[in-house]
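*Asks:* From the sequence below, what's the structure:
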Amino acid sequence: QQQPTSGGFIQMPHFPQTQQQQQQPDLSVRITAATTPSDVLTIAAERGMGLFTEHLSLCLYRLGQLKKSGAAVDAQQQQLQDMLGLCRSRASSMGPKQLSEVAWSLAQLQLVPDVSFLDNLASQALYKLPAFTAEQLSSLLWSMANLGYVPGTPLLEAAAAALGRNVGLLSSKCASQAMWAFARMEYRPPATLLDAILQLLPDKLSSFPGDDLSQLLWAYAQFGHTPPAPTLTAILTHAETAAATLQPDNIPTLLGALQNLGCQPSAGLLSAAADAVVAGMATAGTQALVDLLQVYARLRFHPGVNLLHSAAQHISNNMTAAAAGGGSRMAAATITALLQSYAALAYAPPKALLMLLRQQLQPQVSDVDPSQLTSSLWCFSLFKDLTPELWNAAMGVLSQPQVTAAIQPAALAQLYQAYLLLSKSPDGSAGLHSIPPQLVLTAWQAFRATQEAAVQAPLPELTQDVAQCLASVGVAYALNMISEDGLLALSLALPDRRVAIEVFDASAFCINQQQPLGETVMRIQLLQACGWQPVTVPYYEWMMLANDGLKQGYLRNMLGLPAPVAGLM
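*Replies:* Here you go, the predicted structure:
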C-alpha cells in the first residue's frame, strides 16, 4: 500500500465526472437547499444504494446542519442507520471532504458508531492526510473528540505536524478546534506548534470570535502552556470586548481557563460576562451556570443580583421540567457546588430552588463525598433552611466511623458551626434533629482547633488601631480571648457587656463590592446564637476616618456611648 507523502494541505487530484454524475448536476443543490430532515431523507431514499459517496456524505452533513440549528432528528431511525452502514462500506473511497463531513455529522447528530468504523475513518484520514485542507483536518479532529474517540498516535502526530507546517494559514476556528480536540484527546502537540499559534494570536485577535478564544484558552490551560504576559494582556483586552458575543455555556470555560493560566480576569471582563449570561439566560445550560458561579465564588467577585437571581430561577425551572419529564435528578456533586458558590457569595437562593436541591440531595447522601456533604449542611444552615429530614439523613451516613475519618478538618469545623446554630435555635426545632455524640465531639475538636489558632495569631494592625482608640475613650476591652463557654475566639471584645467587636478587613468581603462573604455572615450568626452582640467595623469605613477624633466618635456611636463632656476631653 502506498504510504502518504509528507507536506500538507494540497488538493485531491481531479477525477472526471461520469456521465451519470454529469446528468445529475442539481442533486448537490437539492441536498444543500433542503429545509427539513425529512426532505434530506427523501432525497437519499430516491437514490437508495445508488447514492454517490459525495452525495451520501452531503446528506449526512445537511442533517447535521439542521440538527445544529434546532431541527429534531431521530438518530435511531432505520433510514439514517442504513445511511451510516453505507458510509461504513464506502469509507475507503471517501476523500478528505467526505471524511470530514461524515465525522462532523456523526458528532452533530450524536451518532456514535462502533469503534471499528471510527478506526477506519482515522486510517483513511492518515493515508490521505496530505490532501486535507486546514478546515477539513481541524473539523475531523474536533468531531472525533466530540464523539469521545481518540485515534492512534500516528494520526495525531501527523496532524500536528501538518498544522505546524501551515500554521500561518490557520483561521481562528481551525486553531481553536484543533487545539481543543488535542486537549480533549489528552494529546499534547509539540511546543513549537503551540508557540507558533501564540505568536500569530495578537495580530488575529480582532477577528477572533469569543467562542473560539474560549476553546483555545481552555486547551492551552489543559496543556499547561501559558502564553507570554503581553499576549495574555492582549487576550484580556479582547475578551472584555468579545464577551457579549460568547455563548453563555462558553463563558465559564473562558474565565476558568484564564484562571488556570494564572491570569486574573479583569473586573470589566467579569462584569461583561455576567451581563452576557443574563442576556442569554434562556440558552444557558445548568452545568454551565454552576461552573460560572464557581468561578465568581473562587474569585470572590460579586456578579450582581441579576445574575445570581436569574441563574437560580433558570436552574429551578430546569430541575422542575426534568422532574416532570421523568428525567434524572441533578448529580450530588453539582448540587454541592451550586450551594457552595451561593453560600460563598452570601446570596440565599429562592426557597423554591433550595427545596428542590434538598429533595434531590437527600436520596444521594450516601454517594456524596463526606466533606462536600458536611459543607452542604453548612450552606443550608447559613441560608436558615436546614431541615430535620436532610440533617438526619446526612447524620446516618456521616456518623459511620469510616466516613467520619474521611471528613476534612475544615469541613468538620463547618459541621460544628451548623450544629451550634441548630442547637441554639430559639424555635425548639433542635429536638427533631438526631445528634450523634461521637460525630459532634469530633467536629467540636476540629472547630476548637480553628478557634485556638485564631487567638494565637498576631493581631492585625487594623484591630490594634481600633483597640488603641477604645483605650483612648476609656473603654476596657480584651484581646484574643476564648469566650467563657469555650466556643468562640474573640479578637476584640467587651466581656462585661458581651459585645464582640468584629474588625473586618478586605478578606471578609467581595473584591468588587462591599458585600460580606458567606463566612463573614456565618461569623455574625454564630456570635448572635451564642449570646454575643456583634459590633462590626468594616475596613472601608474605618479607613475613611482621617483622625483620632473621628475614630473616637465612630466607636462611641457604634457602642452607644455618650459624647465626651466639654472641658473633660
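*Asks:* All the helices of the stretch 401-550 of the chain, in order from the start?
*Replies:* With DSSP state H, counting those that start in this stretch as the criterion, the stretch 401-550 of the chain has helices at 401-404, 409-423, 437-456, 461-472, 518-529, 539-542, 548-559.
*Asks:* which of those helices is buried the deepest?
*Replies:* Of these, the one with the most neighbours on average (mean count of other Cβ atoms under 10 Å) is helix 409-423, at a mean of 21. C-beta here means a position set from N, CA and C on the backbone, and glycine is covered the same way.
*Asks:* then that one to CSV, C-alphas only?
*Replies:* Extracted in CSV, the C-alpha atoms of helix 409-423 (Å, rounded to 0.1, in the frame of the first residue of the first chain):
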residue,chain,number,x,y,z
PRO,A,409,-10.8,19.1,59.3
ALA,A,410,-12.2,22.3,57.7
ALA,A,411,-15.4,20.5,56.8
LEU,A,412,-15.7,19.1,60.3
ALA,A,413,-15.4,22.7,61.7
GLN,A,414,-18.2,23.7,59.3
LEU,A,415,-20.3,20.8,60.6
TYR,A,416,-19.9,22.0,64.1
GLN,A,417,-20.9,25.5,63.2
ALA,A,418,-24.1,24.1,61.6
TYR,A,419,-24.7,22.1,64.8
LEU,A,420,-24.1,25.1,67.0
LEU,A,421,-26.7,27.2,65.2
LEU,A,422,-29.1,24.2,65.3
SER,A,423,-28.6,23.5,69.0
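*Asks:* want to try CSV for the helices of the stretch 401-550 of the chain, with distance to A337 as columns?
*Replies:* Shown next, in CSV, are the helices of the stretch 401-550 of the chain (distance: least, Cβ to Cβ, whole Å):
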stretch, distance to A337
helix 401-404, 20
helix 409-423, 14
helix 437-456, 22
helix 461-472, 33
helix 518-529, 14
helix 539-542, 30
helix 548-559, 38
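*Asks:* will you turn these into JSON lines that also has mean pLDDT and distance to A103?
*Replies:* Below are the helices of the stretch 401-550 of the chain laid out as JSON lines (pLDDT from 0 to 100; distance: least, Cβ to Cβ, whole Å):
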{"stretch": "helix 401-404", "mean pLDDT": "97", "distance to A103": "46"}
{"stretch": "helix 409-423", "mean pLDDT": "96", "distance to A103": "45"}
{"stretch": "helix 437-456", "mean pLDDT": "96", "distance to A103": "53"}
{"stretch": "helix 461-472", "mean pLDDT": "96", "distance to A103": "61"}
{"stretch": "helix 518-529", "mean pLDDT": "97", "distance to A103": "46"}
{"stretch": "helix 539-542", "mean pLDDT": "96", "distance to A103": "56"}
{"stretch": "helix 548-559", "mean pLDDT": "94", "distance to A103": "68"}
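*Asks:* In the stretch 251-400 of the chain, where is pLDDT below threshold?
*Replies:* For the stretch 251-400 of the chain, no stretch has pLDDT under 70.
*Asks:* Residues contacting the helix or strand encompassing S38, please?
*Replies:* Counting by DSSP states H and E, the element that carries S38 is helix 37-47. Outside helix 37-47, the residues that touch it by Cβ atoms under 8 Å, 6 or more residues apart in numbering are 27, 30-31, 34, 51, 55-56, 59, 62-63, 66-67, 71-73, 79-80, 83.
*Asks:* about what we covered before: among the helices of the stretch 401-550 of the chain, which is nearest Q222?
*Replies:* Nearest of those to Q222, taken as Cβ to Cβ: helix 409-423 at 28.2 Å.
*Asks:* tell me the angle of that closest one relative to helix 437-456?
*Replies:* With axes from the mean of the first three to the mean of the last three Cα atoms, to 10 degrees applied, the angle from helix 409-423 to helix 437-456 works out at 110 degrees.
*Asks:* next one: helix 409-423 to chain centre, how far?
*Replies:* 27 Å (Cα atoms, centre = their mean, to the nearest Å).
*Asks:* about what we covered before: next, the buried residues of the helix holding S38.
*Replies:* P37, V40, L41, I43, A44 (16 or more other Cβ atoms under 10 Å).
*Asks:* Which stretches in the protein count as strands?
*Replies:* Shown for the chain, the strands assigned by DSSP state E span residues 478-482, 489-494, 499-504, 533-538.
*Asks:* right, and those - which one's nearest I197?
*Replies:* Ranking the strands of the chain by proximity to I197 (Cβ to Cβ) places strand 499-504 first, at 45.3 Å.
*Asks:* tell me the angle of the closest one relative to strand 533-538?
*Replies:* Using the same axes, to 10 degrees: strand 499-504 against strand 533-538 is 20 degrees.
*Asks:* what's the burial count for P113?
*Replies:* If you count neighbours by other Cβ atoms under 10 Å, P113 ends up with 18.
*Asks:* and it, what is it in contact with?
*Replies:* L84, R88, L106.
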